[in-house]
Structure formats: structure tokens, C-alpha cells
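**Student:** need a 3D model of the sequence below.
(2 chains)
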Number of protein chains: 2
Amino acid sequence: MIDYEKDGAAIYRQSFATIRAEADLAALPADVAQVAVRMIHACGMTDLVEDLLWSSNVVADARRALHAGAPILCDVNMVASGVTRKRLPADNEVICTLTDPSVPELARAMGTTRSAAAMELWLPRLEGAVVAVGNAPTSLFRLLELIEAGAPRPAAVIGVPVGFIGAAESKQALAEHPAALEHLVVRGRRGGSAIAAAAINAIASEQE
Amino acid sequence: MIDYEKDGAAIYRQSFATIRAEADLAALPADVAQVAVRMIHACGMTDLVEDLLWSSNVVADARRALHAGAPILCDVNMVASGVTRKRLPADNEVICTLTDPSVPELARAMGTTRSAAAMELWLPRLEGAVVAVGNAPTSLFRLLELIEAGAPRPAAVIGVPVGFIGAAESKQALAEHPAALEHLVVRGRRGGSAIAAAAINAIASEQE
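**Tutor:** Numbers count the residues shown, from 1 in each chain, chains lettered A, B, ... in the order given. Model prediction:
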């Protein structure tokens, strides 16, 4: 058997050092760079940074919201499952409504996906929340529609749905939306629950 | 607001059609190709196929094990969370031992990571199980050590830990191990919980 590093803290330290040595973070504000490092850590790809789009206050606003006790709204349970509870500054609620029993019927009635229909159940908690969309483009599209229709504004949106149909378009729509939501996006097809959870974990605590 | 596809079945159909049109699956056996398509779907990258390594019977053996009721052993809760329960052929148990209360003390006593220590708790369920490692290289290294020491053999190992320290090495070690475990691997740094769960979901059911 080959020798391998068994010290968890050393593994983290070496991982983040490798990322900082290899990834070109020069164009990023310091707080976005700190989040980007953890997103890269979650996917193993240092070139992820080339596809990042962000608004100026996304990290500061999301962090402030979490410290003030804002909930984290996740599109899928995998994102919620990836949020490290002990990093959260205010024992924040981590909410996923996709598996709520009302969602399948709601989706049928609305003529849309369950991922989009589940956004209706976010409305009572949306104001000032931190949103993390890691899977479904239709969640992100629907969220933007709701905002256009006058829904409360979240503090920040981590928009990293993944895939081949609508993912790139939904993230572009978020980044360019006239509502100017604070956002952090991985443009294109790449994304996913692990990257979304990593962004939340980095925002929740600066500890590496 | 831009128009977007709201029919979940159509989104899946178009996604898988795009992957099959763009990914070069010619070198893969048919059953591995079917699993690869779903792994690509989970990460948005058609070139993932270039990094796949597999043993001849990995999909058939894993599928047979699931039909016979084998448990699915996951290194992290994110993988377990990503397994679609209704795709499982025998209401299979999905097990993650990482957050067992005994693990932190076990890791200290063993001088290793929690991810590696958690493997000890797999031993009573390991024989004939389907293993999915989506996050921690030390889980995969430790599993190989246990097999070398005479632990029961799983039916198949989906080995896709992600990252910068040990990930590539642990997957190479699995693929080249003299124990010749049935394996499916994404070599290099890429991998992750979503890819691991997608592989299990594809093995569990051929429905796209």
C-alpha cells in the first residue's frame, strides 16, 4: 500500500496551498477569492475561476446576512447536506422545499418542474435570505420570475446549477438581471451541489 | 424574462441527447456508457469520459448486488443524499458512517482522518456491498488497506473522490490494486459527491 497523508488538518492546508499556487486569483476581490478557493477545492478544477461572475457585495452581504441569522435556501437536499453546520455563525436554518409533499401537485398545477414549483414555498423566508442553487436551472429561472413579480429580495444568490439544458442561460440571466441581485455564478455548464455548498461554507466562515 | 423549458421529462431527454451527441462514448462497454452519461449529466463536462477507468464487470456486478438487496456504503452524507431512493431496486439501505458519534475518537485513536476511521464501521456490511466514495481520498485508501488485511470484499467500488491531495493517487491505487476489486474511477483530481451519486443512480436503474 502506498503511503498517504492521514492528518486531516495537513490535507486541508496542503489542498488550499496547492489551489492558491495554481489558480489565477489576481482578478478577484479578496473576499471572492477566499470563496473561490473553497469552490475549487470542491471540484478539483483550478480553472473554475475563469468562469466566475460576481457582484461587488455578494460575499459581504451574504456573510452579514448569515451573521444576522438569515436562513439558507437550497434548491436540493444535496446542497443542504453539504453545508457544514458547525461553520454557520448563527445556527442558521438550512431549508430545502423540493421534497415538501405539496410540491408534485403544485408543479402539475403550475405546468412546470418540481424544482421551479418548490420556489413558491421559499416566499415566506426569501427576504434577506442566502440562496444556494446548485442543481436546477428551473429553480433559478423561477426565482428570477418571482423577483420580477415583486417577491422579497434575498441578500445574495449563489447560482451554480449544472448541466446541459438551461444551466448556462439561467446563470447568465441571474448575472445580467435588471433586479441586480447580489450574485456569485459559475457561468457555462459547470456547477453542482458540492460547489454551491462549498461557497456557502466559505461565506459562513473564513476558516480554511 | 427569457423563455425556458419547464417540462422536467423534456429537460432530461434533451440533456441526455446532448450528452450522447457530444461525448465520445465509443470506447466504453454499453453498460459503462449508460453510467457515464449520467455521471456527465451530474457535472456538465462531456470530457469526463476521457478520465474514466473501469473493470469489465463493475456495472453488472453492482447492479446484480443492488437487485439482491445489497446496501450502498457512502463516504459522505452528500453522496447518500444524492441517491434517488425510488430508483433503488430493492429498497436498499444507503449507509454513511462518517457522522457516527464514535468516529472522532476512533480517528484520534487510529491517528488518521475521520473519513478513514469511518471505514471500520463499514466492516459488518462490506461483504457484497456497493461502495460509493465521492469525497475523501483517505476513505478509499483505508478501504484498500482493510481489503489487504482480509476484510470482506464489496461487489463493486465507485471511486470518485475529488481534490488536490491524494485524490488522484487513491483512485489510481484502486484501479491498479492486486485485489482486483470491480471498480469505476474518474482518474485525476475531478470527482465528487454528485458524480458518485449519479453513478449509483444509473446503476440502480437504466431509466433515463
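**Student:** for chain A, give me the ranges with low pLDDT.
**Tutor:** A:1 (pLDDT under 70).
**Student:** go again using 90 as the cut-off
**Tutor:** Within chain A, the stretches falling below the threshold (pLDDT under 90) are A:1-2, A:208.
**Student:** show me what counts as buried in stretch A:78-85.
**Tutor:** A:Met78, A:Val79, A:Ala80, A:Ser81, A:Gly82, A:Val83 (16 or more other Cβ atoms under 10 Å in any protein chain shown). Any C-beta I mention is one placed from the backbone N, CA and C, and that applies to glycine too.
**Student:** just give me how far that stretch sits from the chain centre.
**Tutor:** Taking Cα atoms, centre = their mean, to the nearest Å, one finds the center of stretch A:78-85 at 11 Å from the center of the full chain.
**Student:** can you give me the strands in chain A?
**Tutor:** A:52-54, A:72-74, A:94-96, A:130-133, A:156-159, A:183-186 (DSSP state E).
**Student:** of those, which is nearest B:Met39?
**Tutor:** Closest to B:Met39 of the strands of chain A, according to Cβ to Cβ: strand A:183-186, at 18.5 Å.
**Student:** which ones among the buried residues of stretch A:78-85 come in contact with chain B?
**Tutor:** Cross-checking the buried residues of stretch A:78-85 against chain B (Cβ under 8 Å from any Cβ of the partner chain) gives A:Met78, A:Ala80, A:Ser81, A:Gly82 as the overlapping residues.
**Student:** closest to chain B out of the residues you listed?
**Tutor:** A:Ser81 (3.9 Å; Cβ to the nearest Cβ).
**Student:** can you tell me the closest non-neighbouring residue to the closest one?
**Tutor:** B:Ser81 (3.9 Å; Cβ to Cβ, 6 or more residues apart in numbering or on different chains).
**Student:** picking that back up, from the ones next to chain B among the buried residues of stretch A:78-85, which ones fall inside helices?
**Tutor:** Of the positions in those, A:Met78, A:Ala80, A:Ser81, A:Gly82 sit in helices, assigned by DSSP state H.
**Student:** can you pull the contacts of the third one?
**Tutor:** In other words, A:Ser81. Contact analysis of A:Ser81 by Cβ atoms under 8 Å, 6 or more residues apart in numbering or on different chains lists A:Ser193, A:Ala197, B:Asn77, B:Met78, B:Ala80, B:Ser81.
**Student:** closest to B:Thr112 out of the residues you listed?
**Tutor:** B:Asn77 (19.5 Å).
**Student:** that closest one contacts B:Leu98, doesn't it?
**Tutor:** Yes. At 6.9 Å, B:Asn77 and B:Leu98 qualify as touching, with contact defined as Cβ atoms under 8 Å.
**Student:** related to what we said a few turns ago, report the two of the contacts of A:Ser81 separated the most.
**Tutor:** Maximum distance among the contacts of A:Ser81 (Cβ to Cβ): 14.2 Å, for A:Ala197 and B:Ala80.
**Student:** one step back: how about CSV for the strands of chain A, with mean neighbour count and distance to B:Ala21 added?
**Tutor:** Conversion of those to CSV gives the following (neighbours: other Cβ atoms under 10 Å in any protein chain shown; distance: least, Cβ to Cβ, whole Å):
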stretch, mean neighbour count, distance to B:Ala21
strand A:52-54, 19, 27
strand A:72-74, 28, 31
strand A:94-96, 18, 32
strand A:130-133, 30, 26
strand A:156-159, 30, 26
strand A:183-186, 26, 23
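**Student:** can those go into a markdown table with extra columns for distance to A:Ile2?
**Tutor:** Listed next are the strands of chain A as a markdown table, based on distance: least, Cβ to Cβ, whole Å:
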| stretch | distance to A:Ile2 |
| --- | --- |
| strand A:52-54 | 35 |
| strand A:72-74 | 37 |
| strand A:94-96 | 38 |
| strand A:130-133 | 37 |
| strand A:156-159 | 37 |
| strand A:183-186 | 33 |
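**Student:** all set, thanks.
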